[in-house]
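> quick one: sequence plus predicted model below, questions after.
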2 protein chains.
Amino acid sequence: MTKTRATPIEDDAPRREIIRAAAELFMDLGYRATSIDAIAERMGATKGRVYHWYGSKAEIYFDVQINAMQKLIDLIEPIARGGGTPRERLERMARAHVDILLHDLPMQKVSVQGLETHVISSTGTRHTKAMRDIVRLRDDYEQMFCEVIDEGTRQGVFVDLPARMLSKPFFGALNWLTIWYRPRRLQTEEDLEAIAENLTGFAMRGILKEQER
Amino acid sequence: MTKTRATPIEDDAPRREIIRAAAELFMDLGYRATSIDAIAERMGATKGRVYHWYGSKAEIYFDVQINAMQKLIDLIEPIARGGGTPRERLERMARAHVDILLHDLPMQKVSVQGLETHVISSTGTRHTKAMRDIVRLRDDYEQMFCEVIDEGTRQGVFVDLPARMLSKPFFGALNWLTIWYRPRRLQTEEDLEAIAENLTGFAMRGILKEQER
């Protein structure tokens, strides 16, 4: 990822196209049933073009995770650092998080559901750096939420529990949509907003102390 | 499942042993990487013994789902029908649900995360009855929660939203543990109770109207 982000933005486009096609196939077929051939076919490209950018399917899988997680961090970090009370910031962070999940489902589904044990076991030790990067990005991301939660708890606004305990069901209420939600053909932007508002509202009620609701 | 449940309880034991071993492998390796050979090996049995009870890996997968979902229904239904206010019953149902997930993780992970698209697409139309049964059991299960939620909403105790909208993040706060939770060697029963209490508390706060908390 460091490498990808260090190159000019033009050079990112082919990789982005590949990881997007791959993410759709991982969602539809699962990791193991997805081949480099199928990824190329979905892009209307040759296998050679995919191999020009990636050495293996595992590399693509890890890059899906890294890009999806980096996108979440890039969009949420300014909100976490921005103005407003912990409650206002946490609510905006949750809402933006759900919006990204809903509008970028294949990439984010792979990302929020995390590294699958059987992918790790099948790739062995060849990708330990990518795996370390992913774990670090994920920790950084959860940590941003935990810091805002912690701030709110110290101010007596959020339930008096360790942030790490609150973040699990908080993310659960939001991220579970990657299990149950399927885009529908006639879905409107208003439908998506209703889902995002509902999930965010639930998560915020779960974390707020009674008198603050 | 109907067939399984109609036979005497003694006859269920070999099947239960098979689906339990298979569920562990599905969790560790994924569906596709799990073979009948590996299932037999984990049981310390021959492949022939597995094939005596099941015609294919897909049959075993579907039976994991059906048994796990049936177990949830069998344990939660008496609570849903029992005494107490909607709030008391919903809290007991959520707590029992999490307890079952924590103590029966491999089976329930496959079950609550649902039928994977790529398993369905790889088994084609040969298992439509099993799939219909699973969808029906899952609907029945969610419906039990929705009825209690609906009762609480009508009494003004729960947030004034359709039960189907509240049940998604409610289950999300609980079920997400099948993504993040990994049993630890030194975990005590008290650790599990703390997790269950935390997740149940969060889900209940998410659903309760302010003045009821």
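Thanks, I have it.
> where is the longest helix in chain A?
Under DSSP state H, the helix in chain A containing the largest number of residues is helix A:128-154.
> compute the inter-axis angle for the next helix or strand after it and helix B:163-175.
Scanning forward in sequence from helix A:128-154 by DSSP states H and E, the next helix or strand is helix A:163-175. Interaxial angle, helix A:163-175 versus helix B:163-175 (axes from the mean of the first three to the mean of the last three C-alpha atoms, to 10 degrees): 140 degrees.
> list the buried residues in helix A:163-175.
By neighbour count on 16 or more other C-beta atoms under 10 Å in any protein chain shown, the buried set for helix A:163-175 is A:163, A:165-175. Just so you know, the C-beta spots here come from the backbone N, C-alpha and C atoms, and that holds for glycine as well.
> turn the residues you listed into JSON lines, including distance to chain B and pLDDT.
Shown next, in JSON lines, are those (distance: C-beta to the nearest C-beta, whole Å; pLDDT from 0 to 100):
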{"residue": "A:Ala163", "distance to chain B": "12", "pLDDT": "97"}
{"residue": "A:Met165", "distance to chain B": "5", "pLDDT": "96"}
{"residue": "A:Leu166", "distance to chain B": "7", "pLDDT": "97"}
{"residue": "A:Ser167", "distance to chain B": "10", "pLDDT": "97"}
{"residue": "A:Lys168", "distance to chain B": "6", "pLDDT": "97"}
{"residue": "A:Pro169", "distance to chain B": "4", "pLDDT": "98"}
{"residue": "A:Phe170", "distance to chain B": "7", "pLDDT": "98"}
{"residue": "A:Phe171", "distance to chain B": "7", "pLDDT": "97"}
{"residue": "A:Gly172", "distance to chain B": "3", "pLDDT": "97"}
{"residue": "A:Ala173", "distance to chain B": "4", "pLDDT": "98"}
{"residue": "A:Leu174", "distance to chain B": "7", "pLDDT": "98"}
{"residue": "A:Asn175", "distance to chain B": "6", "pLDDT": "96"}
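> worst-scoring helix or strand of chain A, pLDDT-wise?
Lowest by mean pLDDT, DSSP states H and E among the helices and strands of chain A is helix A:2-6, with a mean of 47.
> returning to that earlier point: is the longest helix of chain A in proximity to chain B?
No - with C-beta under 8 Å from any C-beta of the partner chain as the criterion, chain B is not reached by helix A:128-154; the gap is at least 9.8 Å.
> packing partners for that helix?
helix A:57-81, helix A:86-103, helix A:163-175 (3 or more C-beta pairs under 8 Å, 6 or more residues apart in numbering or on different chains; DSSP states H and E).
> of all these, which gets the most neighbours per residue?
Highest mean neighbour count of those: helix A:163-175, a mean of 23 (counted as mean count of other C-beta atoms under 10 Å in any protein chain shown).
> torsion angles phi and psi at A:Pro176?
Slight slip there: residue A:176 is Trp, not Pro. For A:Trp176, the backbone dihedrals (degrees, to the nearest 10) come out as phi -60, psi -20.
> mind listing what it touches?
By C-beta atoms under 8 Å, 6 or more residues apart in numbering or on different chains, A:Trp176 lies in contact with B:168-169, B:171-173, B:175-176.
> picking that back up, list the buried residues for the longest helix of chain A?
Under 16+ other C-beta under 10 Å, the buried positions of helix A:128-154 are A:130-131, A:133-134, A:137-138, A:141-142, A:144-146, A:148-153.
> next one: stretch A:202-213
Going by neighbour count (16+ other C-beta under 10 Å), the buried part of stretch A:202-213 is A:202-208, A:212.
> residue ranges in chain A under the pLDDT threshold?
A:1-11, A:115-125, A:211-213 (pLDDT under 70).
> and if we set it to 80?
Across chain A, the ranges flagged by pLDDT under 80 are A:1-11, A:114-127, A:210-213.
> picking that back up, in a markdown table: the helices and strands packed on helix A:128-154, plus distance to A:Glu189.
What follows is those, written out as a markdown table (distance: least, C-beta to C-beta, whole Å):
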| stretch | distance to A:Glu189 |
| --- | --- |
| helix A:57-81 | 18 |
| helix A:86-103 | 10 |
| helix A:163-175 | 19 |
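> nearest spatial neighbour of A:Thr46, skipping sequence neighbours?
Among residues not flanking A:Thr46 along the chain, A:Ala40 sits closest, at 5.9 Å (C-beta to C-beta, 6 or more residues apart in numbering or on different chains).
> that neighbour: how many residues sit nearby?
For A:Ala40, the neighbour count with other C-beta atoms under 10 Å in any protein chain shown is 18.
> host element of it?
helix A:36-43.
> so which elements touch that helix?
In terms of contacts (3+ C-beta pairs under 8 Å, 6+ apart), helix A:36-43 is packed against helix A:9-29, helix A:47-53, helix A:57-81.
> and the ones you listed: which comes nearest chain B?
Chain B lies closest to helix A:9-29 among the helices and strands packed on helix A:36-43, at 4.6 Å (C-beta to the nearest C-beta).
> which parts of the closest one are buried?
Within helix A:9-29, the residues that count as buried by 16+ other C-beta under 10 Å are A:14-15, A:17-27, A:29.
> now the residues you listed as a markdown table including distance to A:Ile73?
Listed next are those as a markdown table, based on distance: C-beta to C-beta, whole Å:
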| residue | distance to A:Ile73 |
| --- | --- |
| A:Pro14 | 23 |
| A:Arg15 | 18 |
| A:Glu17 | 22 |
| A:Ile18 | 21 |
| A:Ile19 | 16 |
| A:Arg20 | 19 |
| A:Ala21 | 23 |
| A:Ala22 | 21 |
| A:Ala23 | 18 |
| A:Glu24 | 22 |
| A:Leu25 | 25 |
| A:Phe26 | 21 |
| A:Met27 | 22 |
| A:Leu29 | 28 |
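> tell me which of the residues you listed is nearest to B:Gln187?
A:Phe26 (31.3 Å; C-beta to C-beta).
> quick one: residues contacting the closest one.
The contact partners of A:Phe26, taken as C-beta under 8 Å, 6+ apart, are A:34, A:61, A:64, A:106, A:110.
> between the buried residues of stretch A:202-213, which is nearest A:Ile195?
Using C-beta to C-beta, the buried residues of stretch A:202-213 come closest to A:Ile195 at A:Phe202, 11.0 Å.
> that closest one and B:Phe158 touch, don't they?
No - assessed by C-beta atoms under 8 Å, A:Phe202 is found out of contact with B:Phe158, at 11.3 Å.
> intersection of neighbour lists for those two?
Jointly contacting A:Phe202 and B:Phe158 under the rule C-beta under 8 Å, 6+ apart are B:166, B:207.
> quick one: stretch A:149-167 to chain centroid distance?
Per C-alpha atoms, centre = their mean, to the nearest Å, the displacement of stretch A:149-167 from the mean C-alpha position of its chain is 23 Å.
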